[in-house]
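Undergrad: this one's sequence-less:
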């Protein structure tokens, strides 16, 4: 139930704010921005949700500071570290691909990586605040940035095809 409150809020925000704004700009803008919105909604689901129902309890548990030793789980053989690293890289690859598209190709490699870094840092800082059982880790931040870098490489590789598709959609608007 807690997740449905967040998803309902995200759906209403999309329907009454973003959809209208993006639709008038054309099908290409609507498609790219909607894909980014859906992607970010899933990132929220896997990293921070439930958010709205957690807000009243933010101060009801101790805040655990971020682990600042990179790859300590790997070094100490704790948990399923390999899976976590791969999932963190995969999770932010769409960001590296979609972010430049939402900026009409004006976001270069540095701006894309910096934006992903800031998004990841925000998530890592908020995780222990919203949920006392979650922790934040510098390894997650590093692997998320690597994922955005790889996503940007895919953006460069598939840029000609992607923009042909978007131009086609624009001509149908």
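TA: Okay, I see it. If you're wondering where the values come from, they're calculated on a predicted model, not measured in any experiment.
Undergrad: CA only for contacts and neighbour counts going forward, please
TA: Noted.
Undergrad: got the buried residues for stretch 130-144?
TA: Within stretch 130-144, the residues scored as buried using 16 or more other C-alpha atoms under 10 Å are 130-132, 134-144.
Undergrad: Would you mind listing the buried residues in the top helix by length along the chain?
TA: Secondary structure of the chain per DSSP state H: the longest helix is helix 138-171. Across helix 138-171, burial judged by 16+ other C-alpha under 10 Å covers 138-153, 155, 159, 166, 169.
Undergrad: show me where this structure has helices.
TA: With helices called from DSSP H, the chain shows them at 2-13, 19-23, 27-47, 72-76, 81-102, 109-130, 138-171.
Undergrad: helices and strands around the second one, which ones?
TA: It refers to helix 19-23. Counting contacts by 3 or more C-alpha pairs under 8 Å, 6 or more residues apart in numbering; DSSP states H and E, helix 19-23 packs against helix 27-47.
Undergrad: Give me the distance from the helix it packs on to the chain's centre.
TA: Put simply, helix 27-47 sits 9 Å off its chain's centre (C-alpha atoms, centre = their mean, to the nearest Å).
Undergrad: hey, which helix or strand in this structure has the poorest pLDDT?
TA: The weakest-scoring helix or strand in the chain, judged by mean pLDDT, DSSP states H and E, is helix 72-76 (a mean of 84).
Undergrad: Identify the residues contacting that one?
TA: Contact with helix 72-76 is made by 79, 81-82, as judged by C-alpha atoms under 8 Å, 6 or more residues apart in numbering.
Undergrad: Mark which of these are buried, thanks.
TA: By neighbour count, with 16+ other C-alpha under 10 Å, the contacts of helix 72-76 hold residue 81 as buried.
Undergrad: Lowest-confidence member of the contacts of helix 72-76, which is it?
TA: Looking at the contacts of helix 72-76, model confidence by pLDDT dips furthest at residue 79: 79.
Undergrad: what separates the nearest residue to it once chain neighbours are set aside from residue 135, distance-wise?
TA: Excluding the flanking residues, the one nearest residue 79 by C-alpha to C-alpha, 6 or more residues apart in numbering is residue 73, at 7.0 Å. To residue 135, residue 73 is 13 Å away according to C-alpha to C-alpha, to the nearest Å.
Undergrad: Under the pLDDT cut-off, which ranges of this structure? List them.
TA: Across the chain, the ranges flagged by pLDDT under 70 are 173.
Undergrad: Contact partners for residue 111?
TA: Per C-alpha under 8 Å, 6+ apart, neighbours of residue 111: none.
Undergrad: Right, I'll call it a day here.
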